[in-house]
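Asks: Let's see this in three dimensions:
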Amino acid sequence: MKMRKLTGAYLLNDNKVLMLKRSKERTLASNLWTGIGGHVEAIEHNNPVESCLREIFEETGIRRHEIEQFQLRYILMRRSKNEIRQHYIYFGRTSQENITNSDEGELYWIDLSEVLNLEMPLTVNHMLKHFLSSPTDKTIFIGTVNKSMMEWSCLSE
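Replies: Residues are numbered from 1 along each chain as shown. Have a look, this model is predicted:
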């Protein structure tokens with residue numbers, strides 16, 4: 001069984017979150033709404049935050065110094081055929097509204113009250129519901145997919 005490590009970011013600006021409408025040509029989550037992110041490169045395996053910041057810059061043009069309160073909030077685990085996907089999800093704030101689109105898809109600032117109405121992967125939907133129920137919580141949660149449900153546990157020392 002293979003392991004795929006990914007990172008994802010959800011940047012907030014006032015009551016909006018930056019979301020990516022993925023291109024129809026993308027293999028994963030084609031034509032669905034997701035956060036910013038991608039695969040962890042081999043040299044980043046022990047440092048997913050660096051992978052996530054790289055992905056943010058590549059997909060939006062937003063630089064690390066333009067992001068505040070950037071924190072790991074979720075580690076999502078799911079099995080897809082013969083692969084285990086481990087997805088590190090970060091949340092942060094930015095005042096930068098000007099963004100540069102990439103070949104991943106189109107970026108939009110979506111009002112938080114509307115975000116759950118978007119068509120998105122199951123794991124993203126469950127994670128955003130969980131986040132919106134307690135957006136100021138600093139706990140790191142591990143979410144594992146069990147059929148069509150997400151089971152949550154706290155990551156603690």
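Asks: got a list of what residue 57 touches?
Replies: 63, 64 (C-beta atoms under 8 Å, 6 or more residues apart in numbering). To be clear about C-beta, it is placed using only N, CA and C from the backbone, and glycine gets the same treatment.
Asks: Would you double-check that it falls in a helix?
Replies: Yes - assessed with DSSP: H, G, I helix; E, B strand; the rest coil, residue 57 lies in a helix.
Asks: How confident is the prediction for it, by pLDDT?
Replies: On the pLDDT scale, residue 57 is placed at 95.
Asks: That one and residue 118, how far apart?
Replies: Using C-beta to C-beta, to the nearest Å, one gets 24 Å for the distance from residue 57 to residue 118.
Asks: Same question for residue 73.
Replies: 19 Å.
Asks: and what of residue 150?
Replies: For residue 150, the distance to residue 118 - C-beta to C-beta - is 17 Å.
Asks: between those two, who's got more neighbours?
Replies: Set side by side, residue 150 and residue 118 show more neighbours around residue 150, with 21 against 16, by other C-beta atoms under 10 Å.
Asks: Who are the contact partners of that one?
Replies: Counted by C-beta under 8 Å, 6+ apart, residue 150 has contacts 122, 123, 126, 127, 130, 143, 144.
Asks: same thing but at 6 Å, please
Replies: 126, 143 (C-beta atoms under 6 Å, 6 or more residues apart in numbering).
Asks: Check the one 4 residues further on too.
Replies: With contacts defined as C-beta under 6 Å, 6+ apart, the neighbours of residue 154 are residue 139.
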